[in-house]
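[1] predicted model and sequence follow; I will ask about them next.
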Amino acid sequence: MSPDHGARRSRVIMVEPALTQLTKLTASETHRLDRAIVAISVNPELGTEVPGTLLRDYADEVDGVRVIFFVSALGSITIVAYVEA
């Protein structure tokens, strides 16, 4: 019997606006953001659809982070367009 594996995660890529925001975050903010990005990579249906686009807007009120992203057609890549913490 093979061992159970966790949910399959998508590969996460950050584009320039998100990378610029990352450089402005503290270590604590980056840690909170990491948890949100892992959650999104496991479940790309998190957040709400942005009407008229392929984007999704995920806000975690507990950790105080926001991620705007879209997922490739096959769900194997998550492209992060914007982050804030």
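    Everything's here; your move.

[2] and the residue most central in space within the chain, which helix or strand is it part of?
    Most central in the chain under CA atoms, centre = their mean is Ile37, positioned 3.5 Å from the mean C-alpha point. Per DSSP states H and E, Ile37 falls inside helix 27-42.

[3] what is whichever helix or strand comes after that helix packed up against?
    For helix 27-42, the succeeding helix or strand toward the C-terminus, using DSSP H and E, is strand 48-49. The contact analysis (3 or more CB pairs under 8 Å, 6 or more residues apart in numbering; DSSP states H and E) places strand 48-49 against strand 56-60. Every residue, glycine included, has its C-beta placed from N, CA and C.

[4] what angle sits between the strand it packs on and helix 27-42?
    Relative orientation of strand 56-60 with respect to helix 27-42: 130 degrees, computed using axes from the mean of the first three to the mean of the last three CA atoms, to 10 degrees.

[5] next, the buried residues of strand 56-60.
    56-58, 60 (16 or more other CB atoms under 10 Å).

[6] export that strand to PDB, keeping only CA atoms.
    Extracted C-alpha coordinates of strand 56-60, given in PDB (Å, rounded to 0.1, in the frame of the first residue of the first chain):
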ATOM      1  CA  ARG A  56      -9.000  35.900  -8.500                       C
ATOM      2  CA  ASP A  57      -8.800  38.100  -5.400                       C
ATOM      3  CA  TYR A  58      -7.900  36.300  -2.200                       C
ATOM      4  CA  ALA A  59      -8.000  38.200   1.100                       C
ATOM      5  CA  ASP A  60      -7.300  36.600   4.400                       C
END
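
[7] quick one, what contacts the nearest residue to Ala36 once chain neighbours are set aside?
    Distances taken as CB to CB, 6 or more residues apart in numbering place Val65 nearest to Ala36, at 4.7 Å, with adjacent residues excluded. Contact criterion CB atoms under 8 Å, 6 or more residues apart in numbering gives 29, 32-33, 36, 59, 83-85 as the residues in contact with Val65.
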